[in-house]
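*Asks:* For reference, the sequence and a predicted model appear below.
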Amino acid sequence: MEELEIEFKNLIDYPTFETLKTTLFNNAPMITQTNFYIDTNAFDLKAHRCALRIRDNGTSKVMTLKIPQDIGIMEYTGVIDERIIDQEYIEQQYIPKNINAQLKKMNIPEHKLRIFGALSTERREIPYQSGLLVLDASYYLDTGDYELEYEVSDYEQGRANFDAFLEHYNIEKKATLNKVQRFYNHYERLISKKL
């Protein structure tokens, strides 16, 4: 399956997270999911500005390759065998065909892919202005953060709606990296401290 994802993100502090959780999201059920982030030891995917992950939502494990576009991110997704998580290096036979085809186009050596770590998220979602507003608390490595996301189908209208939401709730607008970028940046900081 492939799908174009258009979303806006903003990191928030804990007091803002708690306020939104107990007001706007008070009736939204919490969804727990864990992302396992994958790359080569040379970070070939990161060099292409792409991300590969396995998401475990408790009932299924899905692999997703994210490739940036001019607007949004193209996502290639496939259900996987859960044994893939137990291997040091991911065998090609376990990679969904649509994802494997994209990896080959980028000359990513699939036999060198491995899982670097996991990020667990407590997620709450509500419909908002013809989109989906998402409140996330994420925990990874030795840290965590809080984030507001807005998933839409129309970039311009979505940007206007999200900016208006941030202004209405007096939330400071911040340039926000996506979860995989935040994970790898923190991973690299931890590795450099050990050297």
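*Replies:* All right, it came through fine. Numbering: from 1, shown residues only.

*Asks:* Now do the helices in the protein.
*Replies:* Along the chain, the stretches classed as helices by DSSP state H are 14-22, 44-47, 97-105, 155-168, 179-194.

*Asks:* show me what contacts residue 186?
*Replies:* Residue 186 makes contact with 140, 141, 143, according to Cβ atoms under 8 Å, 6 or more residues apart in numbering. The way it works is simple: take the backbone N, C-alpha and C, and place the C-beta from them, glycine included.

*Asks:* Redo those residues as CSV? Include neighbour count, pLDDT and distance to residue 164.
*Replies:* Listed next are those as CSV, based on neighbours: other Cβ atoms under 10 Å; pLDDT from 0 to 100; distance: Cβ to Cβ, whole Å:
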residue, neighbour count, pLDDT, distance to residue 164
140, 21, 97, 30
141, 15, 94, 34
143, 13, 96, 30
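
*Asks:* Can you tell me which of the residues you listed is closest to residue 169?
*Replies:* residue 143 (24.6 Å; Cβ to Cβ).

*Asks:* Okay, now the unreliable bits of the chain?
*Replies:* For the chain, residues meeting the criterion pLDDT under 70 lie at 110, 195.

*Asks:* buried ones in the top strand by length along the chain?
*Replies:* Longest strand of the chain, by residue count under DSSP state E: strand 114-128. For strand 114-128, the buried set under the neighbour-count rule, 16 or more other Cβ atoms under 10 Å, comprises 115, 116, 118, 119, 121, 122, 123, 124, 125, 128.

*Asks:* Please apply the same query to stretch 32-45.
*Replies:* Applying a neighbour-count criterion of 16+ other Cβ under 10 Å, one finds 33, 34, 35, 36, 37, 38, 39, 40, 44, 45 buried in stretch 32-45.

*Asks:* do stretch 68-88 as well
*Replies:* Using 16+ other Cβ under 10 Å as the burial criterion, the residues of stretch 68-88 that qualify are 72, 73, 75, 76, 77, 78, 80, 84, 85.

*Asks:* Include distance to residue 156 when you put the residues you listed into JSON lines, please.
*Replies:* Listed next are those as JSON lines, based on distance: Cβ to Cβ, whole Å:
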{"residue": "72", "distance to residue 156": "12"}
{"residue": "73", "distance to residue 156": "17"}
{"residue": "75", "distance to residue 156": "21"}
{"residue": "76", "distance to residue 156": "25"}
{"residue": "77", "distance to residue 156": "26"}
{"residue": "78", "distance to residue 156": "31"}
{"residue": "80", "distance to residue 156": "35"}
{"residue": "84", "distance to residue 156": "39"}
{"residue": "85", "distance to residue 156": "39"}
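
*Asks:* before we move on, back to that, roughly how far out does the longest strand of the chain sit from the chain middle?
*Replies:* What separates the centre of strand 114-128 from the centre of its chain is 6 Å, taken as Cα atoms, centre = their mean, to the nearest Å.
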